[in-house]
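1. Could you look at this predicted model? Sequence included:
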Amino acid sequence: MTRQEVDNLLEKVQAYRQSFLVTKTVIAEWRRVLEPYDNEDVNKKLDDFFKNSEENFGRYPDVYYLTKYLKRHDEKLKAGINYVRCQLCQQPVELTEYDNHYDKCSSIDYLCKIAKNHYNRKLTKEDLWKMNDKEFEEKYWKVCEELKTKHLDEQQMNSLENALSTHNGGKPHEFKINNKDILRELKGEYDD
């Protein structure tokens, strides 16, 4: 599980058990214990814990209870298959599936940033991953089309127009950037 996934899990525990105290130590320990497990598996186990209200009413879930009988992510990997770690989400992905995974992962990352910066909404990556590829792609390009009406800087607008143009079978536009702009970008100097 990623740090954010563990943080979300702890928020879920607090939603059901308001007196559950989340401290820095609790966060660090839960992150350490849950790191090798898959988010979906642990969340299902937590849901089962809360659904069993006869035995667990008012009780707090234990991090080791949540991992009991679960397989670590590395134990679930197939033998004889080559895996690589995604640069964005850090999940192991079959080498043959990496290009498709990375394309969707970067698109999801982009949508989450756009939703936050331009629509003041928070999207969950898990929900976007659950969408089938066709549905996701349709919604992704629809959002990209809508973004043309937003106030984007010149570089963002050019990148967006190039992505839309190539998606629709066209050629990318030339984008001229001078050395001064490149050096500013490398130094982290922005006009914000």
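-> Looks like it arrived, so ask away. Since the structure is predicted, the reported quantities are computational estimates derived from the model, not experimental observations.

2. so who does G58 touch?
-> For G58, the contact set (CB atoms under 8 Å, 6 or more residues apart in numbering) comprises R17. (C-beta placed from N, C-alpha, C; glycine too.)

3. Would you map the strands across this structure?
-> Along the chain, counting by DSSP state E, strands occupy 83-85, 92-94.

4. By residue count, tell me the biggest helix in this protein.
-> Across the chain, the longest stretch assigned as helix under DSSP state H is helix 98-119.

5. any idea how far the spatially most central residue of the chain lies from S106?
-> Most central in the chain under CA atoms, centre = their mean is K125, positioned 3.9 Å from the mean C-alpha point. When CB to CB, to the nearest Å is the yardstick, K125 and S106 sit 12 Å from each other.

6. Can you tell me how far T2 is from P36?
-> Relative to P36, T2 is positioned 12 Å away (criterion: CB to CB).

7. before we move on, the earlier item: just the buried residues of the longest helix of the chain, please?
-> Taking 16 or more other CB atoms under 10 Å as the basis for neighbour counts, the residues of helix 98-119 that come out buried are 98, 101-102, 104-105, 107-108, 110-112, 114.

8. and what of stretch 150-168?
-> 152, 158, 160-164.

9. does Y60 really touch Q18, like I thought?
-> No: the pair formed by Y60 and Q18 falls short of the contact definition of CB atoms under 8 Å, at 11.1 Å.

10. Neighbour count: these two, which is higher?
-> Here Y60 and Q18 are compared on neighbour count by other CB atoms under 10 Å; more neighbours surround Y60, at 13 against 7.

11. How about the contacts made by the more buried one?
-> For Y60, the contacting residues are 13, 17, 20, by CB under 8 Å, 6+ apart.

12. Derive a PyMOL selection command for the buried subset of the residues you listed.
-> Those of those that meet the burial criterion (16+ other CB under 10 Å) are gathered into one PyMOL selection, given here:
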select buried, resi 13
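
13. L186: how many residues sit nearby?
-> The local packing of L186 (other CB under 10 Å) involves 8 other residues.

14. could you measure it against V84, distance?
-> L186 sits 28 Å away from V84, going by CB to CB.
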